[in-house]
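Student: Kindly return the folded structure for what I paste below:
(chains A and B)
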Amino acid sequence: MDGALKVFDIMTARGCQVDDRVCSVIVSGFSKARKSEAGLDFYDRVRKDVSGFEPGLMTLTMVVNLLGREGRTGEVPELTTEMERKGMMGDEVFYGSLVHGYMRSGMLMEGLREHGLMLEKGIAADVVNYTTVIDGMCREGSVEKVMGFLDEMERMGAKPNLITYTSLVGGFCKRNRLEDAFSIVRKLEQTGVVVDEYVYSILIDRLCKNGDLDKAFSLLGEIESKGIKVGIVTYNAVINGLCKAGDTAKAVEISEAVTGDNFTYSTLLHGYIMEEDMTGVMAIKGRLETSGIAFDVVTCNVLIKALFMIKKADDACSLFHRMRGMGLSPNTVTYHTIIDAMCKLGEFDRAVELFDEYKKDTSFSSTVVHSGLIGALCNAGKVIMAEQIFCDLIHKKLRPDSCTYRKLIHANFKEGGEQGVLNFIGKVGELDMDLFSSVCSYASSFLSTRDCCQAALAVYKIIRTQFFAVSSKTFYKLLKSLLRNGNEQAIQPLLGEFIKIHGLHEPRTVNMLSCHLSKKNVGEAIRFSSYMNNGSVPVSVLRGAIYALKKEGEILDAYSFLKEAEKSGFPVDLAMYSIVVEGLCRGGNVEKALDLCESMKKEGIHPNIIIHNSVLSGLCQHGCFTEAFRLFHYLERSNILPTIITYAILIGALCREGFLDDAYHFFQKMSNNGIRPTTHIYNLLISGYCNYGLTEKALELLSHFEDLFLLPDAFTLGAVISGHCLKGDTEAALGFFNEYHCKDMVPDFVGFMSLVKGLYAKGRMEESRGILREMFQCKQVVELINSIGHEVQTESLVGLLSSACEDGRIDEVMTILSEVRLMSVSSSDSNSCNTLTHLKRPPRIDDTCDPRTDSEQVLSSVTFDVSSNCLHGSSEGTLQPMTERADNLCISSDDTDIDIGNLLGKSFYDEFDTYYPAIASLCSKGELLKANKAIEAMIQNSG
DNA sequence: ACATTATAAC
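Tutor: Below you'll find the predicted structure:
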């Protein structure tokens, strides 16, 4: 090109007129050399500087060609409108270039449209035009459609040439139809056409890409023997095949026998990069530098990557900066490579600097650089920086791939929890509707699976208020999550919307609806379900029904229901037995529970550790200690591992009965078996010691906490305080209270009250009142008192108590509170009992310690046989092999319709915060009746 | 004016 330009300069200098033909030849040269930038510069220069020159069709055709070759078809329309203004009309060559450009930019439809337009204008298409179209279709992967085109071509008198067939061969190879590709070649050879290197290089390349190197080499030998010259392109295909197969050494060997080009060296470098062979990389880099080849962009890109690999980051950057001087523009891959490398080095600021440079170039329309950087920043926890990159995508109206926004949602969740995700949604409202809707759908589903129901629901509402479609999957996940978390109020309307939009076509929808119904009305659900499923009722519905009955306190009905299901051949599963056994044991019906353990075995389902824990707990609660310990020893001897729950049940029971040494023995046994004690376990022992006057032992246990990284909770503190008070050591109790109060830790209700009573008994009225007041500051205690007040329909207590407390009527307070306490202890109703234990335990203690939560988490897949023998007499249990590990043995977290842990929502607590100031003020003014009204309103609102 | 080979993708 340099020579051509020199001649051109001489021409203009001598006043030789530059015509369309001369100009077009030079632009064509730039086009073939893929130097569109320089070509356009030249074109502009000639138009401006050469007087009397007006670009004609030939030059314009070459400009279109040049743009098309580099995928810059977007700039073509400006040119065509200018032509129309001047009344110029394209010929078949012009349209050929135009169509070619579209085809190479992956715009098949536009290409076909221009081709059709040309025909409409009465311009006949020649072989080249048809070949261009055929090639475009082959590239897109539709060789089949091409066959029809071939016929049309013949009819129009344009005979396909070798180039047409080459495109066809390429099309078949793309679809991996090698047989068809080869048959074309054979037919050509039969008709006497001399097939050239182009065709063979395509075939060889395909063979290599398929890993069929043997066939590739034999074909290579075949064409060499035919006397067809084999050039660098074919060798490069083979070299590339070897590199991809992991044999870069062999590839290098071949490359040494030929004169390599940019393709050769970039392939080899990439091969060694993949093999992480630093010496290999350096050797190729050396050969490349001494070869005297002028680098192209791809070679630079690979070389930059290679330099980072051999830890020469500075050299990589310097090459990057030298590119423009070499006449090369860094492209998307260049920026991706260098930014990615910077991130891997932890140089995020430099990565962002490079990105800022990249984003200024508006001609880039890829999202890869953005995605890569966002991913790396998210991984490094730099969410804010990542969001800024995402903003650039939005502003450029580029469509990020789903991985990118998912990554951002995950990172925001990690950083800021559900609120973080909601904030992110708030920030990306500028996205186009369709994309925003996808982001919201994903966010809602994601939050649902993480059990962030409220946030998931909020996102769902955003989708709905914007009138976007909510996919069945998003609905389903949200509903599942609500169902799992006992969020009954939200389910009903949502389910209604879901069914209105998506109908009841999917079986999973029917199941879910049945489960929901079953929690309300067992019979209706079963009828509905058997109707929808042609008579068969899925196990999940029956499970839901049993759970519903138990929740309603009708455990005996649940029991009969299960028995009925067994008899009628309905499906039964482990979870159903688990629910009923637990309920029976809790209700004191251990006999029936054991009977169920027997009958479930007949159904081929074997009791697991969860069920045993229930039985164990039932036995303990009803004083059957001998049986309980027999069962424990049986478990120990079989391969059934007792869990922390098992130990908690026994330690708790022993402590309650005052067998403190035995309890401690079990505690040690548990530790020896590799189960780390938690605060909850310690609490059992500490309160045991305290209740029996052994406060020192309790404190000694407390002193272990720090070494074990455990924190005492409200329960721990309450136990120690009441222990001190029990011994009359109010001073010690007060000191202990203050010590933790300073650290913002308070005891539970029992602890508070012991201290209040202790101080009161010693006549320390002021202090007693102070502690009481302190207690009312404690939300958990207030919550407990209120929930009892709510349940037993007494006057709302907090208002009365706090006002009495302010007035110094401690006696009155004491009476009320002792009543409250009595209620909480004597209540034998299983439901309120549940509520109480749930509340008495401060939130967020180790969850795994709650046997009811555990039953969901640990529902293990271990099957075994428990025989009631082990409870009465012979302790021999028969261990059965894990023959039937039925799917329904495990309640997977996604399929669970049972939520025993979440019996009481948090709403009350929120309401209390809102109402409290008003109530407090009314009480202080003596307006107790009004205060009570306010409290009732509060309770109703939270209901 | 039409046909062949190499690089990036959390």
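
Student: quick one: contacts of the strand or helix carrying residue A:547?
Tutor: Assigned by DSSP states H and E, residue A:547 falls within helix A:539-551. Applying C-beta atoms under 8 Å, 6 or more residues apart in numbering, the external contacts of helix A:539-551 come out as A:511, A:514-516, A:518-520, A:522, A:525-526, A:529, A:555, A:557-558, A:561-562, A:565, A:570-573, A:575-576, A:579-580, A:583, A:888, A:895, A:897-898. Just so you know, the C-beta spots here come from the backbone N, C-alpha and C atoms, and that holds for glycine as well.

Student: Can you say which of the residues you listed are buried?
Tutor: Neighbour counting with 16 or more other C-beta atoms under 10 Å marks A:511, A:514-516, A:518-519, A:522, A:525-526, A:529, A:555, A:557-558, A:561-562, A:565, A:570-573, A:575-576, A:579-580, A:583, A:888, A:895, A:897-898 as buried within the contacts of helix A:539-551.

Student: now the helices: where do they sit in the stretch 601-750 of chain A?
Tutor: Remark: helices assigned in the stretch 601-750 of chain A by DSSP state H, counting those that start in this stretch are A:609-621, A:625-637, A:644-657, A:660-672, A:679-691, A:695-702, A:714-726, A:730-741, A:749-761.

Student: got a list of contacts for the fifth one?
Tutor: It stands for helix A:679-691. Under the contact criterion C-beta under 8 Å, 6+ apart, helix A:679-691 has outside partners A:644, A:647-648, A:651-652, A:654-656, A:658, A:660, A:663-664, A:667, A:670, A:695, A:697-698, A:701-702, A:704-705, A:710-713, A:715-716, A:719-720, A:722-723, A:726, A:845-846, A:849.

Student: pLDDT weak spots in chain A?
Tutor: Low-confidence regions of chain A, defined by pLDDT under 70, span residues A:519-521, A:533, A:785-799, A:817-943.

Student: Measure how buried residue A:670 is and give me the count.
Tutor: For residue A:670, the tally of surrounding residues (other C-beta atoms under 10 Å) stands at 21.

Student: quick one: it from residue A:644, how far?
Tutor: To residue A:644, residue A:670 is 7 Å away according to C-beta to C-beta, to the nearest Å.

Student: Look up the closest residue to the residue in the stretch 551-700 of chain A that DNA strand B sits nearest to, ignoring the ones flanking it.
Tutor: Of all residues in the stretch 551-700 of chain A, the one sitting closest to DNA strand B is residue A:676 (34.9 Å; C-beta to the nearest atom of the strand). Of all residues not flanking residue A:676 in the chain, residue A:708 sits nearest, at 7.5 Å (C-beta to C-beta, 6 or more residues apart in numbering).

Student: Just to check, the one you found is in contact with residue A:677?
Tutor: Yes - taking contacts as C-beta atoms under 8 Å, residue A:708 lies within contact range of residue A:677: 7.3 Å.

Student: These two: which has the busier surroundings?
Tutor: Between residue A:708 and residue A:677, counted using other C-beta under 10 Å, residue A:677 has the larger neighbour count: 22 against 12.

Student: so who does the more buried one touch?
Tutor: A:667, A:670, A:671, A:708, A:710.

Student: Could you dump those residues into a markdown table with distance to residue A:81 added?
Tutor: Putting the contacts of residue A:677 into a markdown table (distance: C-beta to C-beta, whole Å) gives the following:
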| residue | distance to residue A:81 |
| --- | --- |
| A:667 | 87 |
| A:670 | 83 |
| A:671 | 84 |
| A:708 | 78 |
| A:710 | 77 |
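
Student: Quickly check those residues for the two that are furthest apart.
Tutor: Maximum pairwise distance among the contacts of residue A:677 (C-beta to C-beta): 14.6 Å, between A:670 and A:710.

Student: Identify the residues contacting the helix or strand hosting residue A:457?
Tutor: Secondary-structure assignment from DSSP H and E places residue A:457 in helix A:453-465. Contact with helix A:453-465 is made by A:418-419, A:421-422, A:425, A:437, A:440-441, A:443-445, A:447-448, A:470, A:474, A:477-478, A:481-482, A:485, A:487, A:490, A:494, A:497, as judged by C-beta under 8 Å, 6+ apart.

Student: From those residues, list just the buried residues.
Tutor: The buried subset of the contacts of helix A:453-465 (16+ other C-beta under 10 Å) comprises A:418, A:421-422, A:425, A:437, A:440-441, A:443-445, A:447-448, A:470, A:474, A:477-478, A:481-482, A:485, A:487, A:490, A:494.

Student: what comes up buried for the helix of greatest length in chain A?
Tutor: Secondary structure of chain A per DSSP state H: the longest helix is helix A:402-427. Of all the residues in helix A:402-427, those buried under the rule 16+ other C-beta under 10 Å are A:404-409, A:411-413, A:415, A:418, A:420-422, A:424-425.
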